Structures are given as structure tokens and as C-alpha cells.
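Participant: From the sequence below, what's the structure:
(one chain, ligands or ions: 1)
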Amino acid sequence: MGRKFFVGGNWKCNGTTDQVDKIVKTLNEGQVPSPDVVEVVVSPPYVFLPVVKSQLRPEFQVAAQNCWVKKGGAFTGEVSAEMLVNLGVPWVILGHSERRALLGESNEFVGDKVAYALSQGLKVIACVGETLEQRESGSTMEVVAAQTKAIAEKINDWSNVVIAYEPVWAIGTGKVATPDQAQEVHASLRDWLKNNVSPEVADSTRIIYGGSVTGANCKELAAKPDVDGFLVGGASLKPEFIDIINSAT
Ligand code: PEP
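Facilitator: Prediction:
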């Protein structure tokens, strides 16, 4: 089954109204392939979601960077999946390594979040990835499989899930995985899905790479058969994000 190339832009906790205007203008003016070829989803901080959604070219979608693990209520500071649906936000990023590391989100908690977000009709970019220490000790696949298993145990339908493989050592460090390193983990993850979920889910689920992707290194990564797109942090705030979208073709 053909997997449509997917490019996500994670703006993280960045931006002022002026900067957001500039980024949206760049995105709206960029020459990119048709939405039949590439799916583009940008993820501003919550406070900018409505304005970005309303000003962005219609073929680009938006994602929240997180949402609460269950129905909203007395959870000060949280934003619920229901609120995102109410605002017409179609996607949410869950399990980003910054949240796992800085806010203590466990594999199980991320699995619960993915299940709840899907149950409310959101589409999910679910992040997995190993630390440098884990890579150096040879446990990359074990770590990534455990993170994916915690999601697989909680969901049945993978059609609205994109997996983002983001090695922690590559995020925001300028130290991108080589195309071979990315391909090796993506292929193993796909194999894991084949053996533990189903061959159909393994074939159809997009596995995108994240970690210091730039306009300069995206083409080589995109050429790998199991790299179905990117989750881009720093470079998604810059005009080169358009070049990254164009690596789909
Ligand atoms: C990310 O935060 O998801 C990410 C991949 O960041 P960067 O591209 O800056 O490494």
C-alpha cells in the first residue's frame, strides 16, 4: 500500500504573534507538491492554534503539541482532546521526548493519551526514540519497541496514527541520524508492527523521522524506503521547511 509522505513541523514553545505571522506567510507562499503527494501538518503552541489554523493555506493542517490523557475537567493547565476537536484541530503530537524526559511521561501514560485522543477523533503523531546512552548500550530497538508496545496495547485502529522515530540524541543537537541509521530503525519498527500488530498495519502506517532534519539533509533521508516523512523542530520555523516539504518528490 502506498504511504503518503508526511511532513510535520513542531514549533515547540517558540513564537510571538509577529513571528507566527511571518512563518505563516512563508508557508502560504511556498511552492510545494500537491496534497495528494504530501501531507503537511504544523504544530504551533496552543495559544496560536486558532490564528494559525484560520490563516494557513487550506491544504496544510495543524496539530497540538500535547493533550490531556482523559476527558477534561479539574486539571488546571491542561488542554483536553475534546477542546481540540471543538476547535477543529485534527492532529496532536503525543509522547515527544521533551515531555517524556522533562515532564516524566511514561510509556503507559503516552499509550493512554494516544488511545484517548484517538477515541475522541483526533489523529496522532506518536513519538518514540532512544537516548544516546541507550543507543550506545545497544538497546535502541528494545526501547523503541517498548514505547510502541505501550501504544499497541491500548489501541486497535492504527489508521489515524503516524509514528515519529526521533532519536533523543538527534533532537535539537544538529547531530542528525545517518540515512542508514534511520532506515535501520524504521525497518525494524515496521517489522515489529508486522509481527505484533498485523502485516496490514505495518504496510500502511507511516513512520517518519525526526531529529535535526534540515533542508540540506532531508533528501538523502527521504530516499530511504521506510522513511515516510519527517517531524521537524528547529527548521520548521525557517523558510527551509518548504525545502523539506519538497523532499517528498
Ligand atoms: C522535534 O522536536 O521533534 C525535533 C525533531 O526537533 P529538531 O528538528 O530541532 O531536532
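Participant: going forward, measure contacts and count neighbours with C-alpha atoms only.
Facilitator: Will do.
Participant: Report pLDDT for residue 1.
Facilitator: Reported pLDDT at residue 1 in the predicted model: 50.
Participant: For the chain, which residues are neighbours of the ligand?
Facilitator: Within the chain, the positions near the ligand by Cα under 6 Å from any ligand atom are 10, 170, 171, 172, 210, 211, 212, 213, 231, 232, 233, 234.
Participant: Now rank those residues by neighbours and give me the top one.
Facilitator: residue 210 (29 neighbours; other Cα atoms under 10 Å).
Participant: Quick check: which element contains residue 209?
Facilitator: strand 206-210 (DSSP states H and E).
Participant: which residues does the residue most central in space within the chain form a beta bridge with?
Facilitator: Nearest to the mean C-alpha position of the chain, by Cα atoms, centre = their mean, lies residue 125 at 4.1 Å. Listed beta-bridge partners, residue 125: residue 93, residue 162 (assigned using DSSP bridges).
Participant: Report whether the expected contact of it with residue 165 is present.
Facilitator: No: taking contacts as Cα atoms under 8 Å, residue 125 lies outside contact range of residue 165: 10.1 Å.
Participant: which residues in this structure form strands?
Facilitator: In the chain, the strands defined using DSSP state E lie at 5-10, 38-43, 60-64, 91-94, 123-128, 161-165, 206-210, 229-232.
Participant: Kindly export the fifth one (C-alpha atoms) in PDB.
Facilitator: It stands for strand 123-128. This file holds the C-alpha atoms of strand 123-128, laid out as PDB (Å, rounded to 0.1, in the frame of the first residue of the first chain):
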ATOM      1  CA  LYS A 123      -5.200  11.900  14.600                       C
ATOM      2  CA  VAL A 124      -2.000  11.300  16.500                       C
ATOM      3  CA  ILE A 125       1.700  11.700  15.800                       C
ATOM      4  CA  ALA A 126       3.200   9.400  18.300                       C
ATOM      5  CA  CYS A 127       6.800   9.900  19.100                       C
ATOM      6  CA  VAL A 128       9.300   7.200  20.100                       C
END
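Participant: which residues of this protein fall in helices?
Facilitator: 17-29, 49-55, 81-86, 97-102, 107-119, 132-136, 140-152, 179-196, 199-204, 218-222, 240-246 (DSSP state H).
Participant: just checking, what packs against the last one?
Facilitator: It stands for helix 240-246. strand 5-10 (3 or more Cα pairs under 8 Å, 6 or more residues apart in numbering; DSSP states H and E).
Participant: ok so, going back, quick one: closest of the helices of the chain to residue 37.
Facilitator: With Cα to Cα as the measure, helix 240-246 is the member of those nearest residue 37 (9.9 Å).
Participant: Any figure for the gap between the residue of the chain most remote from its centre and residue 80?
Facilitator: Using Cα atoms, centre = their mean, the residue of the chain lying farthest from its centre is residue 74. It sits 28.0 Å away. Distance of residue 74 to residue 80, computed by Cα to Cα, to the nearest Å: 11 Å.
Participant: do the same with residue 28
Facilitator: 29 Å.
Participant: more neighbours, these two?
Facilitator: More neighbours surround residue 80 than the other of residue 28 and residue 80, with 20 against 17 (other Cα under 10 Å).
Participant: doesn't residue 72 make contact with the more buried one?
Facilitator: Yes: using Cα under 8 Å, residue 80 is in contact with residue 72, at 5.1 Å.
Participant: Could you pull up the residues touching residue 212?
Facilitator: Contacts for residue 212 (Cα atoms under 8 Å, 6 or more residues apart in numbering) come out as 170, 171, 172, 173, 174, 175, 176, 232, 233, 234, 235.
Participant: Poorly predicted segments of the protein, please.
Facilitator: Along the chain, segments meeting pLDDT under 70 span 1.
Participant: Residue 58: how many residues sit nearby?
Facilitator: Counted by other Cα under 10 Å, the residues lying close to residue 58 total 9.
Participant: Sorry, wrong one. I was asking about residue 166.
Facilitator: Residue 166 has 27 nearby residues by other Cα under 10 Å.
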